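> pasted the sequence and its predicted model underneath.
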Amino acid sequence: MAIQAHLVELERKHKILENELHEALVHPSVDDLHICELKRRKLMVKDQIERLRLSADETVH
């Protein structure tokens, strides 16, 4: 199922961004702009996951 594979890939990306964000937050040398960019990218991936799940639910029902 192509949608499921895409969801798995997006969830993997989200986890990677979550880890990068955590690492950036524990290192005071990382600038705020980089942290904001990581948060923005993580939120974009989360939104993609939610949209894909909603569209998958609509095709099932």
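Yes, it's here.
> would you list every one of the helices in this structure?
Using DSSP state H, the helices of the chain run over residues 2-26, 32-60.
> who are the packing partners of the last one?
It stands for helix 32-60. In terms of contacts (3 or more Cβ pairs under 8 Å, 6 or more residues apart in numbering; DSSP states H and E), helix 32-60 is packed against helix 2-26. From N, CA and C alone the C-beta is placed, and that goes for glycine too.
> the helix it packs on to helix 32-60, inter-axis angle?
160 degrees (axes from the mean of the first three to the mean of the last three Cα atoms, to 10 degrees).
> list the buried ones in helix 2-26?
For helix 2-26, a neighbour-count test (16 or more other Cβ atoms under 10 Å) marks L7, L10, K13, H14, L17, E20, L21, A24 as buried.
> just the mean pLDDT for it, thanks.
The average pLDDT within helix 2-26 is 96.
> so what touches that helix?
Residues outside helix 2-26 that contact it (Cβ atoms under 8 Å, 6 or more residues apart in numbering): 30, 34-35, 38-39, 41-42, 45-46, 48-49, 52-53, 55-56.
> and those residues, which of them are buried?
Applying 16+ other Cβ under 10 Å to the contacts of helix 2-26 flags L38, R41, K42, V45, K46, I49 as buried.
> what is the burial count for M44?
The number of residues packed near M44 is 13, by other Cβ atoms under 10 Å.
> my bad, D32
Using other Cβ under 10 Å, D32 is surrounded by 8 other residues.
> quick check: the gap between it and A2.
According to Cβ to Cβ, to the nearest Å, D32 and A2 sit 38 Å apart.
> so what's L38 closest to, chain neighbours aside?
L21 (4.5 Å; Cβ to Cβ, 6 or more residues apart in numbering).
> cool, and L52?
L52 sits nearest to L7 (Cβ to Cβ, 6+ apart), 5.7 Å away.
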